[in-house]
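Colleague: mind folding the following:
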Amino acid sequence: MLNYEYPPLGGGAGRICKNISEYLVQFGHEVTILTTHFGSLPEIEKVNGKPTIWRIKSKRKKQFQSNPYEMYDWLIKSWKELKVHLINNQYDLCFANFSIPGGWLAYKIRKKFGIPYCIISHGHDIPWFYKKQMFVYHVIMYFTIKKIVNNAHYLFVQSKYMRLNAEKFVGQKHHKKVVLIPNGVNRINIDTSLRQKNIFTILFVGRLVKQKNPLIFLKAMKRLSRMQIPYHAFMIGDGKLRNKLEKYIVKNKLKHVKITGWLDDENVWKFYEKSHVMVMPSEIEGMSISNLEALSAGLYLIATPVSGNSEMLACCCNGEIVPLHNDREISNAIQRFYFQQYLNKKFLADNNREQFIQVFSWEKIVKEYEKYLLLMTNRTVD
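Modeller: Numbers count the residues shown, from 1 in each chain. As a prediction, this is how the structure comes out:
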């Protein structure tokens, strides 16, 4: 399993990788994860019943994000280590996260050692999924990505939009290798009675970067304050926009809004447990892990019409889609929830949370991955 970020590093892609890997081990397979070293984390981590984690020392500086130079440094150093490691260690297949850098390594491994590989895309690594931000990168890397993807057994995607984009990219000859398997959630035991007692609480969970559109969230909170609706709002995450957002909070006297910084999963779930609304005004997503988790916890989701959100809400009907870059519609949606559900403490999610968890259970979803991975090795599920 190749991924330059793995918990506690990075965001959704690392957590997706973690869940797939851990369930594959539960199903009786051996998994080694090649990822990035950071801080005091051990270089080799072996725990019974868990994947083996192998961390390569490279130039990564931040826990929550990595730049192209750092990814390239990890890629080169990983390949140097793999050329030695794979001489004496046998693997049946390689599962790469992202077309680059993971897919590039997988392609090199196949050429030198004959190990078949598949790729899981997390959205922006396939042209032209996020053209607004990734256009130049995709133009430069177009034919390299094409070669990497077309030589893979499968390209896994998480939503209908991702599948359409990927099929268009790979072309008619290779479109059957594009496989849609959604992201999932784990069942977390929470005390839903806490939100019955708690003050009206709104969350934003994600990197504080342009893609996630956190400034629109703050503009919606400003509108909500003018509506004289009492609330607390928490922005859970970090990123290069944090300083700008903090200045906006001070300038507009949003005293009920707090940026918590980066939190581990356990503490994020403490917020899910006692909150009521999740707002995610993203410009682009693959299939948001934060949104899945919020819905599985019973929060009302207000999100933009980006990849994956309509599939989630079709399952539980506990939220609504609002237009991109529209803080007015976000605040209006929050206001509707406040008067229709919060004041009388009759939350629709109480009735369908269990159904949502069953549909998007990681155990069920990784069983689907297992089926395709075994096909790569000419095996079947016992």
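
Colleague: can you name the next helix or strand after whatever helix or strand Y69 lives in?
Modeller: Under the criterion of DSSP states H and E, Y69 resides in helix 68-88. Per DSSP H and E, helix 68-88 leads on to strand 94-97 as the next helix or strand towards the C-terminus.

Colleague: if we can go back for a sec, could I get the buried residue list for the helix holding Y69?
Modeller: Neighbour-count burial for helix 68-88 flags E70, M71, Y72, D73, W74, L75, K77, S78, W79, L82 (criterion: 16 or more other Cβ atoms under 10 Å). Glycine gets a C-beta too; all of them are placed from N, C-alpha and C.

Colleague: show me what that helix packs onto, helices and strands only.
Modeller: strand 32-36, strand 52-56, helix 104-113 (3 or more Cβ pairs under 8 Å, 6 or more residues apart in numbering; DSSP states H and E).

Colleague: quick check: the nearest residue to G39 once chain neighbours are set aside vs W128, distance?
Modeller: Counting by Cβ to Cβ, 6 or more residues apart in numbering, G39 lies nearest to Q63, which is 7.8 Å off, once chain neighbours are set aside. Note on Q63: its distance to W128, by Cβ to Cβ, to the nearest Å, is 30 Å.

Colleague: ok, F204 next?
Modeller: Relative to W128, and taking Cβ to Cβ, F204 is found at 27 Å.

Colleague: who has more neighbours, these two?
Modeller: Neighbour tally, F204 and W128, criterion other Cβ atoms under 10 Å: the higher count belongs to F204, 27 against 15.

Colleague: look up how far S282 lies from C317.
Modeller: Relative to S282, and taking Cβ to Cβ, C317 is found at 20 Å.

Colleague: over to F200?
Modeller: 23 Å.

Colleague: of those two, who's got more company?
Modeller: Set side by side, F200 and S282 show more neighbours around S282, with 24 against 20, by other Cβ under 10 Å.

Colleague: which residues are in contact with the more buried one?
Modeller: By Cβ atoms under 8 Å, 6 or more residues apart in numbering, the residues touching S282 are G206, Q211, K212, N213, S288, A303, T304, V306.

Colleague: try it again with 10 Å
Modeller: Applying Cβ atoms under 10 Å, 6 or more residues apart in numbering to S282 gives the contacts 206-207, 209-214, 216, 288, 290-291, 303-304, 306-309, 324.

Colleague: now list the buried members of those.
Modeller: 206-207, 209-214, 216, 288, 290-291, 303-304, 306-309.

Colleague: so which of these sit within strands?
Modeller: Cross-referencing the buried ones among the contacts of S282 against strands under DSSP state E gives A303.

Colleague: what pLDDT does the residue nearest to Y130 when sequence neighbours are not counted get?
Modeller: Nearest residue to Y130, sequence neighbours excluded (Cβ to Cβ, 6+ apart): H124, at 4.2 Å. pLDDT for H124: 83.

Colleague: can you check the one 3 residues further on too?
Modeller: What the model reports as pLDDT for P127 is 89.

Colleague: now it, nearest residue through space, not along the chain?
Modeller: Spatial nearest neighbour of P127, excluding adjacent residues (Cβ to Cβ, 6+ apart): H138 at 3.9 Å.

Colleague: just G206 next, same as before
Modeller: Excluding the flanking residues, the one nearest G206 by Cβ to Cβ, 6+ apart is K212, at 4.4 Å.

Colleague: the one you found and K160: what is the separation?
Modeller: From K212 to K160 the distance is 21 Å (Cβ to Cβ).

Colleague: what does the nearest residue to I289 once chain neighbours are set aside show for phi and psi?
Modeller: Sequence neighbours aside, G12 is the residue nearest to I289 in space, at 4.0 Å (criterion: Cβ to Cβ, 6+ apart). Backbone torsions for G12, taken as degrees, to the nearest 10, come to phi -60, psi -40.

Colleague: surely G12 and M280 touch.
Modeller: No. At 11.6 Å, G12 and M280 do not qualify as touching, with contact defined as Cβ atoms under 10 Å.

Colleague: give me the common contacts of those two.
Modeller: G206, S288, S290, N291.

Colleague: just these now: which is nearest K173?
Modeller: S288 (31.5 Å; Cβ to Cβ).

Colleague: which residues does the closest residue to P42 other than its chain neighbours contact?
Modeller: Distances taken as Cβ to Cβ, 6+ apart place R55 nearest to P42, at 7.2 Å, with adjacent residues excluded. The contact partners of R55, by Cβ under 10 Å, 6+ apart, come to 6, 9, 33-38, 41-45, 74.

Colleague: at 6 Å what do you get?
Modeller: By Cβ atoms under 6 Å, 6 or more residues apart in numbering, the contact set of R55 is T35, H37, L41, E43.

Colleague: next one: the third one from F98, what distance?
Modeller: Separation of L41 from F98 (Cβ to Cβ) stands at 21 Å.

Colleague: those two - which one has more neighbours?
Modeller: Neighbour count, other Cβ under 10 Å: between L41 and F98, F98 has more, with 24 against 14.

Colleague: re the thing from before, which phi and psi does the residue nearest to Y130 have?
Modeller: phi -70, psi -10.

Colleague: ok, Y117 next?
Modeller: phi -140, psi 160.

Colleague: what sits against it?
Modeller: Y117 neighbours (Cβ under 6 Å, 6+ apart): C94, A96, A106, R110, A152.

Colleague: out of those, which is nearest to D238?
Modeller: A96 (26.6 Å).

Colleague: how many neighbouring residues does the closest one have?
Modeller: A96 has 26 neighbouring residues, counting by other Cβ under 10 Å.
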